[in-house]
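1. how would this look folded up:
(chains A, B, C and D)
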Protein chains: 4
Amino acid sequence: MIKAGIIGSTGYAGVELVRLLTQHKEAEVVWYGSRSYIDKKYYEVFQNMFQIVDDKCLDDNMDELAKQVDVIFTATPQGLCASLVNEDILSKVKIIDLSADFRIKDVSVYEKWYGIEHKSPQFIDEAVYGLCEINRDKVKNARLIANPGCYPTCSTLSIYPMVKEGLVDVSSIIIDAKSGTSGAGRGAKVNNLFCEVNENIKAYGVATHRHTPEIEEQLSYAAGEQVLINFTPHLIPMQRGILVTAYANLKKKVSYEEVKAAYDKYYANEKFVRVLDKDVVPETRWVEGSNYVDVNFRIDERTGRVIMMGAMDNLIKGAAGQAVQNMNIMFGLEESMGLEQIPMFP
Amino acid sequence: MIKAGIIGSTGYAGVELVRLLTQHKEAEVVWYGSRSYIDKKYYEVFQNMFQIVDDKCLDDNMDELAKQVDVIFTATPQGLCASLVNEDILSKVKIIDLSADFRIKDVSVYEKWYGIEHKSPQFIDEAVYGLCEINRDKVKNARLIANPGCYPTCSTLSIYPMVKEGLVDVSSIIIDAKSGTSGAGRGAKVNNLFCEVNENIKAYGVATHRHTPEIEEQLSYAAGEQVLINFTPHLIPMQRGILVTAYANLKKKVSYEEVKAAYDKYYANEKFVRVLDKDVVPETRWVEGSNYVDVNFRIDERTGRVIMMGAMDNLIKGAAGQAVQNMNIMFGLEESMGLEQIPMFP
Amino acid sequence: MIKAGIIGSTGYAGVELVRLLTQHKEAEVVWYGSRSYIDKKYYEVFQNMFQIVDDKCLDDNMDELAKQVDVIFTATPQGLCASLVNEDILSKVKIIDLSADFRIKDVSVYEKWYGIEHKSPQFIDEAVYGLCEINRDKVKNARLIANPGCYPTCSTLSIYPMVKEGLVDVSSIIIDAKSGTSGAGRGAKVNNLFCEVNENIKAYGVATHRHTPEIEEQLSYAAGEQVLINFTPHLIPMQRGILVTAYANLKKKVSYEEVKAAYDKYYANEKFVRVLDKDVVPETRWVEGSNYVDVNFRIDERTGRVIMMGAMDNLIKGAAGQAVQNMNIMFGLEESMGLEQIPMFP
Amino acid sequence: MIKAGIIGSTGYAGVELVRLLTQHKEAEVVWYGSRSYIDKKYYEVFQNMFQIVDDKCLDDNMDELAKQVDVIFTATPQGLCASLVNEDILSKVKIIDLSADFRIKDVSVYEKWYGIEHKSPQFIDEAVYGLCEINRDKVKNARLIANPGCYPTCSTLSIYPMVKEGLVDVSSIIIDAKSGTSGAGRGAKVNNLFCEVNENIKAYGVATHRHTPEIEEQLSYAAGEQVLINFTPHLIPMQRGILVTAYANLKKKVSYEEVKAAYDKYYANEKFVRVLDKDVVPETRWVEGSNYVDVNFRIDERTGRVIMMGAMDNLIKGAAGQAVQNMNIMFGLEESMGLEQIPMFP
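-> Coordinates of the predicted model:
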């Protein structure tokens, strides 16, 4: 039985981690870290856990945690994990960091886009970017996982085959993404109140969103060259779900079958990436509550572009689910263990 | 492995049944009945099932079904199950009927409130009302289960201990209920369009809703006398969830502890009914996606009334989940098998 | 042209007041009070006002305001208006207080339910409860209006004819109310975040909500005797709208026509209270964006009760609209001036 | 007083037209056409109109209408207006067609994208595309107005200055649009049920949506050359509102001020197009209930692109409001008459 500790267990990604791990037959949560609710019963914060979890919330003591658990999940604001981790801790315990601290290899890019100093740049090289479908082999032996961001997971998986196979002009990539509001976190902000979000849609972080360099880095690896993109996220009046609609110029005329073959090449054997049938568009409702990413594409012969689409539950494949998937790989378990839930509709 | 057939598998209760049974380790769906989608792949109707269910939709042939399966679930409009069932079928297969056909023992009451003729009154006596927590023993040996309605399940469980223990004046019971829109079904009706339901609340079926006599019958058994109630359901702009707020006059002055003891007497050992802590109100978000019913009460000393509250996922404990719970009991399985999902939040 | 000042102009009731007054042809807002946003352009807080309102937010200086305006609206937390008002101010300017400070005549009841000391009890007697349809004559000459609460407005108007005409047993009144989330205000609280409110319904303030004594006081005037009620509000995932479903025992058997006549007696000539046709239920969508209250009732002969229903836009008739209606009456204008908007659907 | 008739008065655009015209001081609706509800009181379909409109719904008799009214609005499915109009009617009455029948000058393009034969191609040339801000002068003397589509209105106004001023490479334009569900109409379709739309986002009509050639035609006029675009609409779980996020390659390096000047050149004197302040993004909530289009842009120096954004109420500026604006121009009234409502928030 894997003992897991969570730092930041009372955010939306945190409570999803608790839900998934509590249902996982080879793992158990033994430390519910939450600075805001120390000594409060976890179920008093989240009544869905009533009669299921009886533990109290604890502080963020990573040194103590390293003694008690096999794996630490940090579902915390940027900078916290980097400020807590050290060699001693890493020698004792696996860390899966859901923040952005170890996702970007170039520390100056991180510091520029995030506007904070990186406190542990010495571990950046070692950290493995935990996009399981692409970096599975590296994940196996990692001590420190940089769990991918929600938008980067959905964006990269939607576009990857086209870039990797050299089918699109990488200088032309535009990603227009839409996210449910759980992605904005559980902080008490006026902007996230029901009456501010409901019956509204807006773009945010236009040309400046922090997930931009993360996506660019991953696509650059796939392309074998430097990729710059436009990335525009939007806030949608729903709780869960990310939809990515991406555009790129095709390098040459290709058929549906050729592009389909490119997607199948990478995803035919992937349980959690479903390449949909022709002309079926990804919709967030069909993946909600699951670890699936549904992807598809459409060729527009009039303009010579391909439209690539992906849908995902931002709290699962975009956060807690992928974290568990990484844990499974790291500990030699069945990769889908604890992640078998069928999407819930309606 | 229990072989299950579903008649009406493409409604909201039907697709939830499919989801639950597909995740059930001792059952499998072998017949996806759906008059509207015959010969269409099930996943083409519900893309969440893509790469999970590969079967095609079939017709509603209950005779053929009786040969192939161990249990038939009918998630169909009122009257259909009663028109299909017969002794030959019942001798071969268990039936769990999610419609109202066999819920009401007095056929004249059924025919009056539902406005249709009952085609199989000879099976009404035999049918067991499948409110598991109350009728568990009878369910065990039943051939035909009348799976309770969504409102009656939540209403009855919220009020039952007070009536059974004789704490309230049963002539004073008023039930004000609120339901998400999945309870209205998947029919293409203007009234259920997004733009008609969203940003709206209304009562419906005021003083005439068909679930009224069903609740009255169950409460009458508990009271040992004839109970008449007011029942007012409301339509809420959300997908899943029922909340019941019920009012009754206390027969005498009682303390919180006395009432709590009454609830605990019936529910302390029930996995799926959670009596919440003092002053914690049931909320639908804390049970969504699960088979739980959360109940609680508050005594109002000023008026001498008790307010009884219950929250439930209408598609699970109010329909498909309770049906699976009944199946588990009938087949001697662990009662909670396949129903262990923790409520999903947010 | 009436010069109006608003203290608390950046809450949800405040911004609605600004919208209504800006469209009012005999009034103009000259003071946008908002402690939180002093010196910020009003349209920077509410971009709907861009190119419409160019003023900056000011502080809550009621003495200064009294010199500059004809009427002050206080859309502020409980206690603030009572702490600011004095005879000098009241001698110069009319005050319409949207808080609860002057709604309850018995100061001890106010202090018990609100848990704060009343700072100006000397003005309670003078203050007129501004439920226009009932207290119109008193409003005309008032200096200080206690603008009714949202729930009390909808509850009282829904029940008033039945109580006034002595048709119901006033000891049996139960009010089950449901409100959109704008009623919870614009404060940055976790409980009001989109992901906490959406896809959820819950009761709150069960048996303890502060609007209870306000409703009881108004119904007691109508009944000519002390009335105690049960009042249970619920939070609904929508922005605007209150629905009241109220229950009472009929004193004797009455026909639809008799009850209809009672409602018509009080409302046939009221522009803003619409008694719906037989069997048509009030729905919040049909009043949204307007000052209307739609009411109706249904007699349940089985139980001897009447179900009384009302729907209203909580920010208009339940707050800002009724405040403007009161202003119109006080200043001798057409009562409906600036309140002619037709409900907006969808 | 202008007498107006509406064919298709019980769709979402139709009821919005009724609302706007009823509040218009120089117009009145005298014919409520609705095939589906003939002889039913209009307020029985839309209870918001109770005690406001007392007329019954009538049939679609355009010949009879031409005798009785000054202007006919057709808010009907594609093809209907073209099948009804003739020279005799046009000689008697102005027609404002909210369908697509007369928007596209090349009848073969219309017939290809809409898949129907055009029944009155002889009037296409004469018809004026009623995008008021751009074609105001032509609208003045028109007999037949092709009222623009919702997406084309928002898209064209968001992009127009950049194309007209030659600042962008027109071969690079990509429009990613998002719409509330009222744009899908009031037909009883499973796809538009609350439970299908809520908590979901999807693209639709990818590379094939009918508004594509309409946008292309308008941008081609502005560019002075043939423009092909990618246009991808998405369905959002909200009622009203369209957001456009458009991308194009800048022809050369430009400053914020230069681009701002281009927008101001066309919109500084336009009441209904608001160019927002620097870095303020358009949001649908700030225009809901009004005729405004809020636009803004952001230059991305990293990629050499400009992101152009626009937000609008699809039922007002995208349909009924723009139709009234056209009527005002055609009849020599103040252009904003009846369209002065301030956006309603929340």
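
2. mind checking which helix or strand the residue of the stretch 101-250 of chain A found nearest chain B is in?
-> Closest to chain B within the stretch 101-250 of chain A is A:Gln239: 4.8 Å, counting by CB to the nearest CB. Placement of C-beta: from N, CA and C, glycine included. Assigned by DSSP states H and E, A:Gln239 belongs to no helix or strand.

3. quick one, what contacts it?
-> A:Gln239 is in contact with A:Gly180, A:Thr181, A:Ser182, B:Pro346, C:Phe194, C:Cys195, C:Asn198, C:Glu199, D:Glu199, counting by CB atoms under 8 Å, 6 or more residues apart in numbering or on different chains.

4. can you do 6 Å?
-> Under the criterion of CB atoms under 6 Å, 6 or more residues apart in numbering or on different chains, the neighbours of A:Gln239 are A:Gly180, A:Ser182, B:Pro346, C:Cys195, C:Asn198.

5. give me the pLDDT for the last one.
-> Translated: C:Asn198. pLDDT for C:Asn198: 98.

6. how near is it to chain D?
-> For C:Asn198, the distance to chain D equals 8 Å [CB to the nearest CB, to the nearest Å].

7. burial check on that residue, number of neighbours?
-> 27 (other CB atoms under 10 Å in any protein chain shown).

8. quick check: closest non-adjacent residue to it.
-> Closest residue in space to C:Asn198, ignoring its immediate chain neighbours: C:Pro237 at 4.8 Å, by CB to CB, 6 or more residues apart in numbering or on different chains.

9. can you tell me the closest non-neighbouring residue to A:His144?
-> For residue A:144 the amino acid is Leu, not His. A:Ala127 (4.5 Å).

10. actually A:Glu16, not the one I typed
-> Using CB to CB, 6+ apart, the closest residue to A:Glu16 is A:Ala320 (3.9 Å).

11. just checking, that neighbour touches A:Ala13?
-> Yes - taking contacts as CB atoms under 6 Å, A:Ala320 lies within contact range of A:Ala13: 5.4 Å.

12. tell me which parts of chain A are close to chain D?
-> For chain A, the residues in contact with chain D (CB under 6 Å from any CB of the partner chain) are A:174, A:176, A:178, A:195, A:199-203, A:206-207, A:228, A:230, A:232, A:236-238, A:243, A:245, A:247, A:281, A:283-285, A:298, A:300, A:302-303, A:305, A:307, A:346.

13. can you flag the buried ones in the residues you listed?
-> Buried members of the residues of chain A next to chain D, counted by 16 or more other CB atoms under 10 Å in any protein chain shown: A:174, A:176, A:178, A:195, A:199-203, A:206-207, A:228, A:230, A:232, A:236-238, A:243, A:245, A:247, A:281, A:283-285, A:298, A:300, A:303, A:305, A:307, A:346.

14. my read: the residue nearest to C:Asn198 touches C:Val197, true?
-> Yes - if you go by CB under 6 Å, C:Pro237 and C:Val197 touch, sitting 5.4 Å apart.

15. up against chain C, what does the stretch 151-300 of chain A have?
-> So the stretch 151-300 of chain A meets chain C at A:Thr181, A:Ser182, A:Ala188, A:Lys189, A:Val190, A:Asn192, A:Leu193, A:Phe194, A:Cys195, A:Val197, A:Asn198, A:Gln239 (CB under 6 Å from any CB).

16. for ChimeraX, write a command that selects the buried ones of those residues.
-> Of these, the buried ones go into a single ChimeraX selection, burial set by 16+ other CB under 10 Å:
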select /A:181,182,192,193,194,195,197,198,239
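
17. tell me the SS of A:Glu340?
-> Under DSSP: H, G, I helix; E, B strand; the rest coil, A:Glu340 falls in the coil class.

18. so what's the residue count around the closest residue to it other than its chain neighbours?
-> Among residues not flanking A:Glu340 along the chain, B:Gln23 sits closest, at 7.1 Å (CB to CB, 6+ apart). Residues near B:Gln23, counting by other CB under 10 Å, number 17.

19. look at B:Gln23 and report its pLDDT.
-> With respect to pLDDT, B:Gln23 has a value of 98.

20. and it, how close does it get to B:Leu339?
-> Distance, B:Gln23 to B:Leu339, by CB to CB, to the nearest Å: 9 Å.

21. any chance you could map the strands in the stretch 201-346 of chain A?
-> Ranges of strands in the stretch 201-346 of chain A, per DSSP state E, counting those that start in this stretch, are A:202-203, A:230-235, A:242-249, A:273-275, A:293-300, A:305-312.

22. would you confirm that A:Gln341 contacts A:Asn291?
-> No - checked against CB under 6 Å, the pair A:Gln341 and A:Asn291 is beyond contact range at 7.7 Å.

23. kindly reformat the strands of the stretch 201-346 of chain A as CSV containing distance to C:His211 and mean pLDDT.
-> Output for these, formatted as CSV (distance: least, CB to CB, whole Å; pLDDT from 0 to 100):
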stretch, distance to C:His211, mean pLDDT
strand A:202-203, 34, 98
strand A:230-235, 33, 98
strand A:242-249, 40, 98
strand A:273-275, 51, 98
strand A:293-300, 47, 98
strand A:305-312, 43, 98
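
24. reformat these as JSON lines; add distance to A:Glu216.
-> Output for the strands of the stretch 201-346 of chain A, formatted as JSON lines (distance: least, CB to CB, whole Å):
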{"stretch": "strand A:202-203", "distance to A:Glu216": "19"}
{"stretch": "strand A:230-235", "distance to A:Glu216": "8"}
{"stretch": "strand A:242-249", "distance to A:Glu216": "13"}
{"stretch": "strand A:273-275", "distance to A:Glu216": "21"}
{"stretch": "strand A:293-300", "distance to A:Glu216": "19"}
{"stretch": "strand A:305-312", "distance to A:Glu216": "16"}
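
25. can you give the domain ranges for chain A?
-> A:2-126, A:151-313 (automatic domain parsing).

26. mean neighbour count, those: which tops it?
-> domain A:151-313 (a mean of 22; mean count of other CB atoms under 10 Å in any protein chain shown).

27. now do the helices in chain A.
-> A:12-22, A:42-45, A:62-68, A:80-84, A:87-92, A:107-114, A:132-140, A:150-164, A:194-197, A:211-223, A:256-267, A:321-330 (DSSP state H).

28. got CSV for these, with distance to C:Ile6 too?
-> Shown next, in CSV, are the helices of chain A (distance: least, CB to CB, whole Å):
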stretch, distance to C:Ile6
helix A:12-22, 36
helix A:42-45, 37
helix A:62-68, 50
helix A:80-84, 42
helix A:87-92, 55
helix A:107-114, 40
helix A:132-140, 55
helix A:150-164, 41
helix A:194-197, 19
helix A:211-223, 41
helix A:256-267, 58
helix A:321-330, 48
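
29. and chain A, which of its residues are near chain B?
-> A:19, A:47-48, A:50-51, A:182, A:239, A:274, A:286, A:289, A:342-346.

30. what's the neighbour count on A:Thr134?
-> Heads up, residue A:134 is Ile, not Thr. Counted with other CB under 10 Å, A:Ile134 comes out at 20.

31. check what pLDDT the residue nearest to A:Leu144 gets.
-> The model's pLDDT for A:Ala127 equals 98.

32. and the gap between it and chain C?
-> 30 Å.

33. who are the contact partners of the residue located most distally from the centre of chain A?
-> What lies farthest from the middle of chain A is A:Arg302; by CA atoms, centre = their mean that is 34.2 Å. With contact set as CB under 6 Å, 6+ apart, A:Arg302 has these partners: D:Leu228.

34. thank you kindly, that will do.
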